[in-house]
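> Can you look at this prediction? I've put the sequence above it.
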Amino acid sequence: MLFHYTATNKEGRLIEDNGDFKDSETLLEHIKNQGLTPISIKAAKTLSGGIGKGVLGNPINLTDKIFLTKYLSLMLKSGTDLFKAIDILIADFQKPTMKMLLMEVRQNLEKGLPFYTTFQSYPNIFSPVFTSLVRAGEASGNLERIFFDLSRSLEKERELKQKIKSALTYPILLVTASLGILVLLVTFAIPRISSMFNTGDMKIPPITKAIFALSDFMSNHGLAVLGVVIAIVIILVLFFKKVQAGKKIFNRIIYKMPVISKVMQKNSYQRFCSTFGSLMRAGLPILENLEITATTVGNDEMRQAIIRIGKEGLSKGLTMGDAFRREPVFPQTIRTLVAVGEKAGHTEEIFGTLTEFYETEVDMSVKSLVSLVEPLMLLMMGVMVGGIALAVILPVYQFVGQMGGV
C-alpha cells in the first residue's frame with residue numbers, strides 16, 4: 001500500500017516522502033529505523049489522484065518532464081537498465097508527485113505492462129505525442145534516442161514559452177500601470193476636484209460632467225464594480241479554457257485578429273512540423289502520425305486539413321506531396337518542401353528544417369507584435385490620462401475666462 005508521510009530528523013528538519021509498505025505499522029517501523037520522528041501518515045488510495053491533481057505536492061510541470069526525459073536518456077545511454085534507472089530517479093527526485101509517478105512506472109513494469117502505459121494514464125499531463133513516442137521507442141528498442149528527442153523538443157517548447165512571456169512582460173506592465181493610474185484618477189483624484197466645481201453657478205462642459213459622474217459612481221460603488229469585473233473575467237476564462245464551445249470561439253477570435261493571427265498561424269505550423277517530424281523519426285505509421293499531430297496544432301481549420309490529408313489523401317493512394325497540395329491552409333513553403341522531400345527521400349530532414357524555420361519565424365513575429373503593441377499601449381495611456389486632464393482643465397479655463405470678463 002502506498003503511503004505519504006511527514007517526519008522530522010534529529011536536527012528538526014521536516015522530511016516528506018512516499019513509500020510502498022504492507023501497513024502503517026511497517027511504515028512507522030521504517031521511519032524509526034531511519035532515525036526520524038513521525039508527524040503524519042496518509043494513505044494514498046490511488047496513485048492517479050495524487051499525480052493528476054497534485055494532492056501530494058505541485059502538479060508535474062514542463063520542467064519536470066524535461067528532467068525526466070533527459071535523465072532517462074543519459075542513464076539508458078550509459079548502459080543502465082530501465083529498472084535501475086527508475087530506482088535512481090525515485091531516490092533523486094524530491095517532488096512527491098514525481099516520486100509517485102516513477103513508483104507507478106516501476107510497479108507497472110514489474111507487472112509486465114509496457115512502459116508507455118503509465119504515461120497514457122495521465123493524458124492531462126503527458127500528451128498523446130509524448131505517449132506515442134515512448135510507445136514507438138519501446139517497440140523499436142530505441143528508448144534512449146526517443147527520450148533524448150523528447151527532452152530537446154520539450155526544452156524548445158519551454159524556451160519558446162519563455163521568449164513569449166518575456167516579450168509580453170513589458171506590455172502587460174504598461175497596461176497594468178495605465179489601469180492603475182486611471183483607477184487612482186477616477187476614484188481618488190477626480191472626486192476631490194469635482195467638489196470644487198459643484199459649488200457655485202459655473203458652467204461645466206458635457207465631457208467634464210461625464211467624467212465627474214463616472215468618478216462619483218466609481219468612488220461609491222468601486223468595490224461592487226471590481227467584484228463584477230473579476231467575476232466576469234473568471235467566468236470567461238473558465239468558459240474559454242474548460243468548455244469545448246468556448247475553446248472554439250476563442251480560437252476563432254484569436255485567428256481572426258489582424259496581427260496576432262499571424263503569430264498564432266506560424267506557431268501552429270511550427271507545432272505541426274515539430275510533432276509530425278518527431279513521430280516520423282520514431283517510426284510511427286503515417287496515418288496514425290497524422291491523427292495524433294492533428295490534436296496538437298491548436299487551429300481547427302488546420303486540424304481538419306491534416307485529417308483530410310490522411311483519410312481523403314494518403315488512404316486513397318495519393319502521395320504526401322499531392323495530399324498537401326490540396327490543402328491551401330498550409331503555406332506554399334510547407335507544400336513545396338514536403339513534395340520535394342518525399343521525392344528525394346528526405347522527408348524527416350525536411351520537417352526538421354521546417355521546424356527550425358518556423359521557430360525563428362514565431363520568435364520574430366512575437367518581437368514584431370511587441371514592437372507594435374508597446375507604442376499602442378503608450379498612446380492609449382496618453383489618450384486616457386490626457387482626456388481626463390483636459391476634462392478637468394476645461395472648466396478651469398472657463399472659470400478664468402468668466403473672472404476676466406467680470
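Yep, it's here.
> low pLDDT regions in the stretch 51-200 of the chain?
The stretch 51-200 of the chain contains residues with pLDDT under 70 at 51-58, 196-200.
> helices and strands around the helix or strand where Tyr255 lies, which ones?
Following DSSP states H and E, one finds Tyr255 within helix 244-256. Applying 3 or more CB pairs under 8 Å, 6 or more residues apart in numbering; DSSP states H and E, we find helix 244-256 packed against helix 206-242, helix 260-281, helix 300-308. For glycine as for every other residue, the C-beta is placed from the backbone atoms N, C-alpha and C.
> Just the CA atoms of whatever helix or strand comes next after the shortest one, as PDB, please.
Read in the C-terminal direction, the helix or strand following helix 300-308 is helix 320-325, with elements assigned using DSSP H and E. Coordinates of the C-alpha atoms in helix 320-325 are reproduced here as PDB (Å, rounded to 0.1, in the frame of the first residue of the first chain):
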ATOM      1  CA  MET A 320       2.100  13.000 -49.500                       C
ATOM      2  CA  GLY A 321       3.100  15.900 -51.800                       C
ATOM      3  CA  ASP A 322      -0.200  15.700 -53.700                       C
ATOM      4  CA  ALA A 323      -2.200  15.400 -50.500                       C
ATOM      5  CA  PHE A 324      -0.600  18.500 -49.000                       C
ATOM      6  CA  ARG A 325      -1.100  20.500 -52.300                       C
END
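> mean confidence score for helix 320-325?
Helix 320-325 shows a mean pLDDT of 91.
> CA atoms of whichever helix or strand comes after it as CSV?
Counting by DSSP H and E, the next helix or strand C-terminal to helix 320-325 is helix 332-344. Extracted as CSV, the C-alpha positions of helix 332-344 are listed here (Å, rounded to 0.1, in the frame of the first residue of the first chain):
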residue,chain,number,x,y,z
GLN,A,332,3.4,27.2,-50.1
THR,A,333,6.7,26.7,-48.3
ILE,A,334,5.4,23.6,-46.5
ARG,A,335,3.6,22.2,-49.5
THR,A,336,6.6,22.6,-51.8
LEU,A,337,9.2,21.2,-49.4
VAL,A,338,7.1,18.2,-48.4
ALA,A,339,6.7,17.3,-52.1
VAL,A,340,10.5,17.8,-52.8
GLY,A,341,11.5,15.9,-49.6
GLU,A,342,9.2,13.0,-50.5
LYS,A,343,10.7,12.7,-54.0
ALA,A,344,14.3,12.9,-52.6
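> For helix 332-344, which residues meet the burial criterion?
Judged by neighbour count (16 or more other CB atoms under 10 Å), helix 332-344 contains these buried residues: Ile334, Arg335, Leu337, Val338, Ala339, Gly341, Glu342.
> just checking, the fourth one touches Met320?
Yes: in terms of CB atoms under 8 Å, Val338 counts as a neighbour of Met320; the distance is 5.9 Å.
> which neighbours do these two share?
Residues touching both Val338 and Met320 (CB atoms under 8 Å, 6 or more residues apart in numbering) are Thr347.
> Mind splitting this protein into its structural domains?
Annotated domains of the chain cover 2-45, 62-154, 177-406 [automatic domain parsing].
> How far does the second one stretch from one end to the other?
Chord length of domain 62-154, first to last residue, is 7 Å (CA to CA, to the nearest Å).
> about what we covered before: deepest-packed of the domains of the chain, please.
Of the domains of the chain, the one with the most neighbours on average (mean count of other CB atoms under 10 Å) is domain 62-154, at a mean of 18.
> Off-centre distance for it?
Offset of domain 62-154 from its chain centre (CA atoms, centre = their mean, to the nearest Å): 21 Å.
> re earlier: if you average pLDDT over each of the helices and strands packed on helix 244-256, which comes out lowest?
Among the helices and strands packed on helix 244-256, helix 206-242 carries the lowest mean pLDDT, at a mean of 82.
> name the helices or strands packed onto it?
By 3+ CB pairs under 8 Å, 6+ apart, helix 206-242 packs against helix 190-198, helix 244-256, helix 347-405.
> mind redoing it with 10 Å?
With contacts taken as 3 or more CB pairs under 10 Å, 6 or more residues apart in numbering; DSSP states H and E, helix 206-242 sits against helix 143-184, helix 190-198, helix 244-256, helix 347-405.
> what's the angle from it to helix 143-184?
Inter-element angle recorded for helix 206-242 and helix 143-184: 160 degrees (by axes from the mean of the first three to the mean of the last three CA atoms, to 10 degrees).
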